[in-house]
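*Asks:* any chance you can model this:
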Amino acid sequence: MRSGDLVLAVIVVMVVGMMVVPLPPLLLDLLLVLNITAGLLMLLVCLYVQRPLEFSTFPSLLLILTLFRLALNVSTTRLILLNGEAGHVIEAFGQFVVGGNYAVGVVVFTILVVIQFIVITNGAGRISEVAARFTLDAMPGKQMAIDADLGSGNITEEVARKRRLDIQRESDFYGTMDGASKFVRGDAIAGIIIIVVNVIGGLAIGVLQRGMPIGEAASRYTLLTVGDGLVSQVPALVISVGTGILVSKAATQQSLGQEIGAQLLGDPRVLMVVSVMLGILGLVPGLPKLPFITLALCSGVAAYVANQQAQKTVALEAAAAVDAPSDANEAKGPENVMGLLNVDPMELEIGYRLIPLVDASQGGDLLDRITMIRRQTATKLGVVLPPIRVRDNLQLKPKEYRINLRAIEVARGEVQVEQFLAMNAGGAVAPIDGIPTKEPVFQMPAFWIDESKKEDAEILGYTVFDPSSVLATHLTEIVKLHAPDILSRQDVQALINHVKTDYPAVVEELLPDLMTLGDIQRVLQNLLRERISIRDMVPILEALANYARLTKDTDTLTEYARQALARSITRQNMSAEGRLPVLTMDPGLEQILANSVQQTDQGAMVTLEPGVAQRLVKSVQVQVERLLTNGHQPVVLCSSKVRLVFRRLIERKFPAVSVMAYNEIVPPQTEVQSMGVISLA
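*Replies:* Numbering: from 1, shown residues only. Here you go, the predicted structure:
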């Protein structure tokens with residue numbers, strides 16, 4: 001890489017030096033041929049690239065070659081005016097290409113300049129300008145599409161970064177090409193000026209300094225000048241054509257020649273009509289028959305070949321249709337509808353008024369928040385959340401959203417896009433004007449307020465959230481609530497494979513002799529159901545390996561796994577002050593629950609009289625609401641004998657309440673703060 005940069009720097013310095021240092025005719029001939037070669041190389045590369053970005057260095061090369069060509073013009077001008085010669089290449093162009101007639105040479109040179117300057121350069125410049133404008137206008141939409149794919153998990157961050165880089169490179173390329181096309185235009189103008197100056201200067205030097213007759217001076221210097229102009233303008237014309245081809249071609253899967261051949265000569269009917277028309281013109285009296293008849297025969301042969309190729313393609317498709325079901329049968333058969341069976345694990349549907357929350361060009365950051373939710377789920381719960389598809393649904397209310405789990409609605413809410421949600425968390429000192437509503441997660445009273453009232457609400461003690469935060473918080477709670485349903489066997493296998501890379505012994509001991517993949521899945525689902533992180537899989541698997549020989553009951557194994565995670569569970573429920581605020585259970589109530597435990601096919605369950613169960617749930621509700629009002633996370637502390645059955649008794653109504661056993665408090669010196677007692681009194 002460094003040697004390439006050094007070579008390029010040397011080349012540029014040498015090109016600049018050519019304008020100052022005289023060159024011998026032999027070296028000049030070599031450089032003129034090199035100029036023609038570079039032009040042909042650029043043209044062929046432009047023909048064969050499939051996407052313009054594959055030749056992203058074209059604008060810089062165009063500038064270097066233009067500078068190189070102008071340096072050659074300076075060097076040839078110096079030789080022509082000083083010595084009356086400029087090497088064999090220029091002389092050959094002057095003698096052979098235009099037959100030694102400088103008048104014809106001037107006409108040919110003028111035609112080439114007109115073609116390049118008026119036709120090709122103008123067209124390529126206009127295409128570059130329009131392409132640059134449309135590329136810049138399309139950038140926000142492309143960026144939003146990338147953000148949507150990244151937020152839904154369809155692509156990784158590395159792929160998204162590469163796509164953004166490609167968009168930026170495309171914008172830079174077309175913007176640079178818009179300016180680089182001016183090089184070609186300036187080169188054409190410079191060619192005209194140089195040839196005029198050389199002709200006038202040659203006549204003056206030949207007549208005034210060397211005493212040549214004016215006719216001889218005109219023939220000598222003008223012929224060399226025209227040859228010089230032709231040698232310079234032919235490569236310039238070739239590169240101009242390459243510029244036009246590069247900026248006018250779209251991204252294809254084939255080269256330009258293959259695309260043109262397939263599209264222009266692919267239909268035999270077109271070729272046959274052309275052949276017939278040429279044959280008729282060849283029979284018209286007065287028109288030359290040989291060219292028309294020759295091209296008519298060529299078109300007819302091409303039509304025949306294209307027809308044979310088309311029949312061969314049809315035969316191959318028919319043979320394939322014999323082996324595979326027909327389109328009609330596919331529509332009726334199971335193969336075509338298999339795609340319809342795919343169900344997104346999680347899906348967020350939004351009304352059309354909520355689209356600005358997703359559109360990054362309008363300031364929406366919901367997709368970034370969804371990405372953060374997936375990261376938080378992985379770090380806090382240890383679950384790799386599948387991609388969350390976000391799409392609009394016109395059947396919803398304009399400001400409504402719906403969260404689906406495997407195509408089934410699990411939550412719904414409504415947010416005001418241009419307002420903020422003010423919620424009284426217990427510290428508000430005065431009411432506030434706004435639209436009364438309920439916070440969608442915990443159904444607590446709240447108000448939708450204008451942005452102008454946001455600061456006043458915060459001063460009064462309200463907690464204020466923007467619409468994206470409200471929706472993202474709701475989605476986060478739904479993910480936590482349904483994490484057990486999201487965790488599949490395939491996810492468990494991926495987690496175990498991840499552990500096996502560093503801790504193969506525990507995995508090999510546990511699977512498949514002691515437990516199955518499904519048993520481990522049920523244990524992990526039990527932990528997630530109580531919002532216990534399974535990120536640290538090693539102690540969980542070691543606990544299962546220790547006790548799986550003693551019991552196959554997944555509930556019992558889950559309790560052993562909880563003991564292995566006791567330190568993490570304790571830390572999770574501690575307050576910011578380092579204490580563990582808990583609700584304890586009345587001993588009499590614990591005894592009632594212990595006597596009511598029954599073992600069923602679904603595990604240990606508690607059977608209470610309806611009145612007793614209602615009083616128990618009511619007592620829990622009162623205590624939990626009091627803790628929430630005081631800003632504490634509700635935790636119930638009880639004995640290990642009734643922990644599981646009590647949790648199952650209240651989990652439907654209080655899914656976020658953590659129930660801990662006494663032996664799960666680790667370390668033992670943890671300060672436990674009793675915040676109330678649950679009893680039937």
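
*Asks:* switch to C-alpha atoms for all contacts and neighbour counts from now on
*Replies:* Will do.

*Asks:* quick one, strands of the stretch 251-400 of the chain?
*Replies:* Assigned by DSSP state E, counting those that start in this stretch, the strands in the stretch 251-400 of the chain fall at 346-350, 388-392, 400-405.

*Asks:* and Arg571, how far is that from Arg626?
*Replies:* Using C-alpha to C-alpha, to the nearest Å, Arg571 is found at 22 Å from Arg626.

*Asks:* I meant Asp228, not that one.
*Replies:* Asp228 is 96 Å from Arg626, where distance means C-alpha to C-alpha.

*Asks:* with neighbour numbers in mind, choose between these two.
*Replies:* Asp228 (29 against 15; other C-alpha atoms under 10 Å).

*Asks:* list phi and psi for that one.
*Replies:* phi -60, psi -40 (degrees, to the nearest 10).

*Asks:* quick one, grab the pLDDT at it.
*Replies:* Listed pLDDT for Asp228 reads 73.

*Asks:* just checking, it touches Asn73?
*Replies:* Yes. Asp228 is within contact range of Asn73, at 7.4 Å (criterion: C-alpha atoms under 8 Å).

*Asks:* surely Leu481 and Asn526 touch.
*Replies:* No. When contacts are counted by C-alpha under 8 Å, Leu481 is not listed as touching Asn526 (11.9 Å).

*Asks:* residues contacting Val492?
*Replies:* Neighbouring residues of Val492 by C-alpha atoms under 8 Å, 6 or more residues apart in numbering: 517, 520-521.

*Asks:* show the buried residues in those residues.
*Replies:* Neighbour counting by 16 or more other C-alpha atoms under 10 Å classes 520-521 among these as buried.

*Asks:* for the contacts of Val492, give me JSON lines that also has distance to Arg412.
*Replies:* Converted to JSON lines, those look like this (distance: C-alpha to C-alpha, whole Å):
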{"residue": "Leu517", "distance to Arg412": "34"}
{"residue": "Ile520", "distance to Arg412": "32"}
{"residue": "Gln521", "distance to Arg412": "29"}
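
*Asks:* lowest-confidence helix or strand of the chain?
*Replies:* helix 327-332 (a mean of 43; mean pLDDT, DSSP states H and E).

*Asks:* about what we covered before: just the closest of the contacts of Val492 to Leu557, please.
*Replies:* Proximity of the contacts of Val492 to Leu557 (C-alpha to C-alpha) peaks at Ile520, which lies at 9.4 Å.

*Asks:* any idea of the pLDDT on that closest one?
*Replies:* On pLDDT, Ile520 comes in at 94.

*Asks:* any idea how far Asn546 is from it?
*Replies:* According to C-alpha to C-alpha, Ile520 and Asn546 sit 14 Å apart.

*Asks:* in stretch 664-677, what counts as buried?
*Replies:* For stretch 664-677, using 16+ other C-alpha under 10 Å, the buried residues are 664-666, 675-677.

*Asks:* that stretch - what's its average pLDDT?
*Replies:* Average pLDDT, stretch 664-677: 90.

*Asks:* now do the end-to-end distance for it.
*Replies:* Chord length of stretch 664-677, first to last residue, is 19 Å (C-alpha to C-alpha).

*Asks:* how far does it sit from the chain's center?
*Replies:* Taking C-alpha atoms, centre = their mean, to the nearest Å, the mean C-alpha location of stretch 664-677 is offset from the chain mean by 49 Å.

*Asks:* what does it contact?
*Replies:* Outside stretch 664-677, the residues that touch it by C-alpha under 8 Å, 6+ apart are 562-563, 566-567, 569-570, 578-586, 623, 627.

*Asks:* and stretch 408-425, by the same measure?
*Replies:* With contacts defined as C-alpha under 8 Å, 6+ apart, stretch 408-425 is touched by 353-354, 356-357, 399-404, 439-440, 444-451, 454, 457, 461-467, 470-471, 478, 629, 631.

*Asks:* thanks again, I'm all set now.
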